[in-house]
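Undergrad: sequence and predicted structure are below.
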Amino acid sequence: MTVRHDQLANAIRALAMDAVEAANSGHPGMPMGMADVATVLFTKFLKFDPANPKWPDRDRFVLSAGHGSMLIYALLHLTGYDRPTIDDIKRFRQLGSPCAGHPENFELPGVECTTGPLGQGFAMAVGMAIAERHLNSVYGDDLVDHATWVIAGDGCLMEGINHEAVGLAGHLQLGRLNVLWDDNRITIDGSTSLSTSEDILARYAASGWHVGRCDGHDPADIERALAEAAADPRPSLVACRTIIGKGAPNKQGTSATHGAALGVAEVAAAREALQWTSPPFVIPDDIAAEWKRYGARGAADRAAWLERLAQSPDRGAFEQQMAGDISVEAALQAAFSNWEKMPLSVATRKASELELEGLTAAFPAMIGGSADLTGSNNTKTAATKPLTKDDYSGRYIYYGIREFGMAAAMNGMALHGGIIPYGGTFLVFSDYCRNAIRMSALQNVRVIYVMTHDSIGLGEDGPTHQPVEHLTSLRLIPNLRVYRPADSVETAECWALALAEKNGPSVLALSRQNLKQVRTGGETGSAKGAYRLRAAEAPRRVVLVATGSEVELAVAVRDQLEAQGIGADVVSMPCWEVFDAQDAGYRADILPAGVLKVSIEAGTTLGWERYVGSDGLTFGIDRFGASAPAGDLFKHFGLTADAIAPKILAALKA
């Protein structure tokens, strides 16, 4: 007998309600409501091969409404991916199961990105679509020719980041991006009419999108709408009118199905309504076989692609770019290629620009950009012409004033593969994109955040623009390397380390004001996170630890102490996280016991006690800044050698 569409879709519904019921936790409503749309997408449109989930020319599928994670777990299992197994699904939301509460890219092949914070999956998909168009413009249809499909919910479309992502995608006319909106008109609180009266389709149309509608439970109408979206040269939004919890006769269409198990009685009633007679977690053989058949159809597409790759003169370059391997040594060589142009006194943002000239010329995978601060962040180079709707081969994106959207799009580009994204804004505006930075770290992706104007040293713009707590705040994020280089040499080293690290993001906190060159070469000190920049000449009694612009201040303090017979080391600590990863012996050598340890950083002092100890001294700023020239501000806040040295001497006497 032929397996009907509704039987295929009901397999998704059954797995979703059974898994949530077993866990007594989860969101059955969205997978049950979108089962018909997902079935049409995966059986008629999506290009994928479960036997090779990382095939570069596969379509990308993003479940932006990540709370409905059982939708993707069911689809991966049914179409033949090695995991999740049925036992994995039985352990949905349990410790050690790859079927986490929200989909995690590092747990399961086939999960393209980690979603759950609403709107970010959508915005990451924009980045994936940018990556596809760029790589297509470089390598052609034979090697890169795929779409990005998204299932998004009402929450994804309400979040502020959605406006940023929609505007960017429409501006770049990303026609391979297709978003299927689960238009069920229900949120946790109840009907969407409680909180919004927005004309969603009109907003998207005004942003340059193709928009359409379909009955989300009519497979023929779904197929029509998806075909129209796939054919349109604009990014597409399809409003799929659905019933949340479809099949649960007493709860469907209500918020009761959104974020809780249906309950034993309602699951039984749903089985009867759906005519699903199999026990929990059992898929009838004919339905399972039909799903596997659909899953296997992508093998022929992948085989044909492999033939084209084998014959392509670009094979070597393509494979190298997709692999993304960069050594610290190669990056340093590229960064130092313009060294003769480097002034001895230069802002680290300007040093970064000069070093980027060599880096972007050497590594074509690097795509830069800025959130409307190109001239301040110094992120554009001669090698990075603009990426536009008329020329996707460009390597520089003008993101506009969309910090959050920029950060999420960069995550999507990195997840797509073949792209190493970097983007700039002011450090104080890291708050705007913080959750996307957190998602960079959680997803283990190489995204480089160029955050300039890193302290009160930016001067007259005042406390609204002067970061004080931001370095400390960013250092709290696991798997994020926060680099604050002291001069042009350290800036090059930090760039090299960030580029070589494939499994996590980096922040480069760079100065607006000129800094003296405190290093002339030697070993890559930044590679250990902290290193002895100046050794004590008199018997060591003090270790001065500083970052960024305050390293030259620490050197000046050290000179005053040495002039009075007080031996003082200067330790430059460009990255806490890297230093913390060093062995205990190295850390003890750099920060030895039995001496007074002193930290100097133009930001909050919180956290420095872990390095200087309870009896150490911390010099910083534990209040908001002020509007004045930079030199006046450093003097006002006591960040001068003349202010710090006497306090160290007093502490030594005490």
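TA: That came through fine.
Undergrad: mind checking how far Val166 is from Ser191?
TA: Val166 is 23 Å from Ser191, where distance means CB to CB, to the nearest Å. All C-beta spots, glycine's among them, are computed from the backbone N, C-alpha and C.
Undergrad: compare those two (neighbour count), which wins?
TA: Neighbours of Val166 and Ser191, each counted by other CB atoms under 10 Å, are more numerous for Val166; the result is 25 against 13.
Undergrad: hang on, that one in a strand?
TA: No: read with DSSP: H, G, I helix; E, B strand; the rest coil, Val166 is helix and lies in no strand.
Undergrad: what sits against it?
TA: Listed by CB atoms under 8 Å, 6 or more residues apart in numbering, the contact partners of Val166 are 203-204, 207, 209.
Undergrad: looking at the residues you listed, which one is closest to Leu553?
TA: Leu553 lies nearest to Ser207 out of the contacts of Val166, by CB to CB, at 47.9 Å.
Undergrad: burial count for the nearest residue to the closest one once chain neighbours are set aside?
TA: Counting by CB to CB, 6 or more residues apart in numbering, Gly170 is the residue found nearest to Ser207 once chain neighbours are left out, at 3.8 Å. Using other CB under 10 Å, Gly170 has 21 neighbouring residues.
Undergrad: swap in Pro50?
TA: Quick note: Pro50 (other CB under 10 Å) scores 19 neighbours.
Undergrad: check Asp221 too.
TA: Other residues within reach of Asp221, judged by other CB under 10 Å, total 17.
Undergrad: so which helix or strand takes in it?
TA: In this assignment (DSSP states H and E), Asp221 forms part of helix 219-231.
Undergrad: and what of Ala16?
TA: Using DSSP H and E, Ala16 falls in helix 5-23.
Undergrad: after that helix, next one along is what?
TA: helix 29-33.
Undergrad: which residues are contacting that next one?
TA: In contact with helix 29-33 (CB under 8 Å, 6+ apart) are residues 12-13, 16-17, 38, 65, 67-68, 70-71, 74, 153, 182, 184, 186, 216, 242-248, 252, 257-259.
Undergrad: which ones among the residues you listed lie within strands?
TA: Using DSSP state E, the subset of the contacts of helix 29-33 located in strands is 182, 186.
Undergrad: which ones among the contacts of helix 29-33 map onto helices?
TA: 12-13, 16-17, 38, 70-71, 74 (DSSP state H).
Undergrad: could I get those as CSV with neighbour count and pLDDT?
TA: Shown next, in CSV, are these (neighbours: other CB atoms under 10 Å; pLDDT from 0 to 100):
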residue, neighbour count, pLDDT
Ile12, 27, 98
Arg13, 28, 98
Ala16, 31, 98
Met17, 30, 98
Ala38, 28, 99
Met70, 29, 98
Leu71, 29, 98
Ala74, 26, 98
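Undergrad: could you identify the most distant pair in those?
TA: So, these by CB to CB: farthest apart are Met17 and Ala38, at 15.0 Å.
Undergrad: among the ones in helices among the contacts of helix 29-33, which one lies nearest to Leu649?
TA: Proximity of the ones in helices among the contacts of helix 29-33 to Leu649 (CB to CB) peaks at Met70, which lies at 65.1 Å.
Undergrad: does Thr618 sit in a helix, a strand or a coil?
TA: strand.
Undergrad: so what's it closest to, chain neighbours aside?
TA: Using CB to CB, 6+ apart and skipping residues adjacent in sequence, the residue nearest Thr618 is Thr605, 3.9 Å away.
Undergrad: in this structure that neighbour contacts Gly616, no?
TA: No: in terms of CB atoms under 8 Å, Thr605 does not count as a neighbour of Gly616; the distance is 10.4 Å.
Undergrad: what about these two, which has more around it?
TA: Higher neighbour count among Thr605 and Gly616: Gly616, with 20 against 17, using other CB under 10 Å.
Undergrad: gap between that one and Tyr399?
TA: For Gly616 relative to Tyr399 (CB to CB), the value is 41 Å.
Undergrad: returning to that earlier point: which residues are common contacts for Thr605 and Gly616?
TA: Common neighbours of Thr605 and Gly616 are listed as Ser599 (criterion: CB under 8 Å, 6+ apart).
Undergrad: neighbours around the closest residue to Ile200 other than its chain neighbours, how many?
TA: Spatial nearest neighbour of Ile200, chain neighbours left out: Leu157 (5.9 Å); criterion: CB to CB, 6+ apart. Other residues lying near Leu157 total 27 when counted by other CB under 10 Å.
Undergrad: ok, the one 5 residues further on next?
TA: Neighbour count of Asn162, defined by other CB under 10 Å: 24.
Undergrad: can you check Gly423 too?
TA: Close neighbours of Gly423, defined as other CB under 10 Å, add up to 26.
Undergrad: how about the one 5 residues further on?
TA: Residues near Val428, counting by other CB under 10 Å, number 22.
Undergrad: next, the residue nearest to Ile200: secondary structure please.
TA: On the three-state scheme (three-state DSSP), Leu157 is labelled helix.
Undergrad: so what's it up against?
TA: Taking CB under 8 Å, 6+ apart as the contact definition, Leu157 lies against 119, 122, 181, 200.
Undergrad: spatially central residue for this structure, please.
TA: Nearest to the geometric centre of the chain sits Ser440, at 2.9 Å (CA atoms, centre = their mean).
Undergrad: got the contact list for the helix or strand containing that residue?
TA: According to DSSP H and E, Ser440 maps onto helix 434-442. Helix 434-442 has contacts (CB under 8 Å, 6+ apart) with 104, 114, 117, 120, 123-124, 161, 404, 407-408, 410-411, 414, 430, 447, 449, 473-474, 477-480, 504-505, 507.
Undergrad: just the CA atoms of it, as CSV, please.
TA: What follows is helix 434-442, C-alpha atoms only, in CSV (Å, rounded to 0.1, in the frame of the first residue of the first chain):
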residue,chain,number,x,y,z
ARG,A,434,25.8,39.9,23.8
ASN,A,435,23.5,37.0,23.4
ALA,A,436,24.8,36.3,19.9
ILE,A,437,28.4,36.4,21.2
ARG,A,438,27.3,33.9,23.9
MET,A,439,25.9,31.8,21.1
SER,A,440,29.2,32.0,19.2
ALA,A,441,30.8,30.5,22.3
LEU,A,442,28.2,27.9,22.9
